[in-house]
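**Q** A predicted structure for the sequence below; I have some questions about it.
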Amino acid sequence: MIEGKLKVKKNFLFMSFTLFLRLFTNVIIFIILARLWSVGDFGKFMYAFTLSTLFVLIVDYGFSLKLVKDISLNTEKANQLLGKSFWSKVWLSIIAVIFFLGLSKILFDDFYTFILSLILLLTAIINSFSIHFILPFRALNRFEIETKASLIHSVIFVLCMAILLFFDPSLLQTAIAFFLIRIINLGISLSFTKRFLGLFFKHIKGSWKYLISNSPFAIHLILGTLYFQIDTILIQRFLGNEEVGYYQAAMRFIIGSLTLMDALSQASLPKISRSFMSHKELINLSKSINEKAIMLGSTITLFLAYFNLEIIYFFYDVDFSESVQILWLLSIVVFLRYLTTIYGVIITVIDKQKIRALISLIALILSVLFNVIFIPIMGIKGAILSLILTSSLILLLYILISYMTIKDCLLSKKYFSILIITVFGWGLTCFNVNLEIRIIIILILSCFYLGVLLKKRTKEGYY
């Protein structure tokens with residue numbers, strides 16, 4: 001049990017650093033671009049970028065879950081499974097581009113935005129393959145290899161973008177730069193895969209069958225991401241590019257703050273997949289991860305809520321003052337997402353992915369419905385309300401599924417205590433609390449959570 005937790009901890013650290021590197025290149029760069037461009041231009045670029053992110057979901061197809069789980073259970077077939085999934089992604093890439101071209105007249109009002117989105121879509125597809133080629137190392141508990149590849153990717157990206165930004169690039173020039181950099185990164189990922197796993201391209205047979213078997217994971221990924229990002233598309237259609245700029249300026253920090261959540265999820269999946277035969281170990285390990293997730297979520301949520309003004313003005317400027325309140329309202333979504341972390345992993349491990357996909361479908365339908373109703377009435381606040389409602393629904397359904405399948409909600413008195421602290425702490429932000437008091441509250445909360453973790457480690461005998 002202790003060995004399993006230490007392994008998850010080690011993987012979590014490597015995965016955190018890997019995702020931090022991707023965060024730096026995929027979030028920080030947009031903050032810089034927002035300062036460089038006008039709010040309207042930034043909103044147009046983010047609209048195109050969001051569209052590319054949604055269409056590439058067809059290519060991603062949930063392989064970050066399915067492939068990692070399959071290789072974790074069949075390590076000797078890693079090369080064969082990677083080959084099948086590779087060819088599956090090739091077919092899916094063609095389908096994604098065809099869908100994009102077919103919907104272009106509905107999605108775009110001008111040719112420039114269409115070309116911008118097309119380049120970003122091709123960039124996203126290349127990046128999807130680049131990440132896919134190093135997924136087997138995650139399943140084989142070689143997280144350090146993925147971290148090394150991500151470090152090289154990030155260094156190349158930062159150096160190239162630093163040179164480009166010196167010349168004050170246009171939206172289209174920036175998109176082309178993204179494309180060229182991702183091609184270089186693709187070659188690096190391939191070199192790592194070839195070195196440790198050998199050639200895998202010959203395993204084309206069975207790729208369609210593998211694609212079909214992966215459909216529950218794909219449906220969950222596509223629908224789950226759609227419900228979280230469909231609001232950007234609807235904001236653009238109802239309110240315009242400038243409002244997208246304000247919304248996405250705040251959303252960058254929400255996405256960045258979910259990095260540790262993804263790290264916990266990805267690091268725990270291989271270990272929990274192997275430990276499922278032991279029900280007691282599954283429950284204990286899941287509860288341990290759940291406690292860490294809610295403490296992290298609580299701290300990050302209150303930090304964003306307390307320092308929303310300072311964050312927006314430090315990273316952007318007064319032109320994005322409307323994003324201050326948006327960040328404050330969105331911060332509660334971070335806590336809700338962290339609460340769902342372990343439940344999503346559990347549902348994947350116990351082969352209830354179809355139920356998870358169904359929940360995502362319900363969330364997407366409600367998200368679209370809520371956004372269409374609330375955005376015309378409340379503006380951006382309507383989109384935020386829709387996101388909070390759908391995130392809350394997913395959390396409740398995940399807890400219900402967990403109880404029905406493993407006979408445990410993975411909840412404790414400590415869980416509810418943290419929930420009360422977070423709600424009360426977030427409620428204090430409604431009042432005009434000065435900066436010094438906000439800093440003191442965050443420090444006390446962080447020390448309290450750290451003390452809880454240290455006490456738990458000492459009690460379990462591996463501190």
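**A** Done, it's in.

**Q** switch to C-alpha atoms for all contacts and neighbour counts from now on
**A** OK.

**Q** Spell out the residue ranges of the helices in the stretch 301-450 of the chain.
**A** For the stretch 301-450 of the chain, the helices defined by DSSP state H, counting those that start in this stretch cover 308-315, 322-339, 341-349, 353-378, 380-406, 413-428, 435-460.

**Q** what's the answer for the stretch 51-200 of the chain, then?
**A** According to DSSP H, counting those that start in this stretch, the stretch 51-200 of the chain carries its helices in the segments 57-60, 63-73, 78-102, 104-107, 111-132, 135-139, 143-165, 171-197.

**Q** With respect to residue 399, which of these lies nearest?
**A** Residue 399 sits nearest to helix 63-73 of all these, at 19.9 Å, using CA to CA.

**Q** What is the neighbour count of residue 447?
**A** Using other CA atoms under 10 Å, residue 447 is surrounded by 12 other residues.

**Q** And residue 314, by the same measure?
**A** So residue 314, with other CA under 10 Å, has 10 neighbours.

**Q** What distance do you get for it to residue 427?
**A** To residue 427, residue 314 is 24 Å away according to CA to CA, to the nearest Å.

**Q** How about the contacts made by the closest residue to residue 329 other than its chain neighbours?
**A** Closest residue in space to residue 329, ignoring its immediate chain neighbours: residue 384 at 7.0 Å, by CA to CA, 6 or more residues apart in numbering. Contacts for residue 384 (CA atoms under 8 Å, 6 or more residues apart in numbering) come out as 326, 329-330.

**Q** which sections of the stretch 1-150 of the chain are below the confidence cut-off?
**A** Applying pLDDT under 70 to the stretch 1-150 of the chain picks out residues 1-26, 64-65, 139, 141, 143.

**Q** can you tell me the helix or strand for the residue lying closest to residue 229 once chain neighbours are set aside?
**A** Using CA to CA, 6+ apart and skipping the chain neighbours, the partner closest in space to residue 229 is residue 50 (7.4 Å). Element membership for residue 50 (DSSP states H and E) is helix 39-55.

**Q** Just want the angle from that helix to helix 171-197.
**A** Counting by axes from the mean of the first three to the mean of the last three CA atoms, to 10 degrees, helix 39-55 points 30 degrees away from the direction of helix 171-197.

**Q** How far does helix 39-55 sit from its chain's centre?
**A** Averaging C-alpha positions (CA atoms, centre = their mean, to the nearest Å) puts helix 39-55 17 Å from its chain's average.

**Q** Name the residues that touch it?
**A** Taking CA under 8 Å, 6+ apart as the rule, helix 39-55 contacts 33-34, 96, 100, 113-114, 116-118, 120-121, 124, 171, 222, 225-226, 229, 232-233, 236, 241-246, 248, 319-320.

**Q** Stretch 226-245 now?
**A** Against stretch 226-245 from outside (CA under 8 Å, 6+ apart): 39-44, 46-47, 50-51, 54, 247-248, 360, 363-365, 367-368, 371-372, 375-376, 379-380, 383, 387, 390.

**Q** Excluding chain neighbours, what is closest to residue 116?
**A** Using CA to CA, 6+ apart, the nearest residue to residue 116 is residue 172, at 5.8 Å.

**Q** So what's the residue count around that neighbour?
**A** Counted with other CA under 10 Å, residue 172 comes out at 17.

**Q** hang on, isn't it packed against residue 114?
**A** No - between residue 172 and residue 114 there is no contact under CA atoms under 8 Å: 10.7 Å.

**Q** ok so, going back, give me the distance between the residue nearest to residue 229 and residue 226.
**A** 10 Å.

**Q** The two: who's more crowded?
**A** residue 226 (23 against 20).

**Q** What strand or helix carries the more buried one?
**A** With DSSP H and E as criterion, residue 226 is part of helix 215-239.

**Q** got the angle between the helix or strand just after that helix and helix 215-239?
**A** Downstream of helix 215-239, the first helix or strand assigned by DSSP H and E is helix 241-257. Using the same axes, to 10 degrees, one finds that helix 241-257 and helix 215-239 are set 140 degrees apart in direction.

**Q** For helix 241-257, list every residue counted as buried.
**A** 241-254, 256-257 (16 or more other CA atoms under 10 Å).

**Q** Can you tell me which one of those residues sits lowest on pLDDT?
**A** Lowest in pLDDT among those is residue 256, which has 81.

**Q** Help me confirm that that one comes into contact with residue 30.
**A** No - at 11.4 Å, residue 256 does not count as touching residue 30 under the criterion of CA under 8 Å.

**Q** coming back round to it: relative to residue 441, which of the helices of the stretch 51-200 of the chain is closest?
**A** Residue 441 lies closest, by CA to CA, to one member of the helices of the stretch 51-200 of the chain: helix 143-165, at 34.0 Å.
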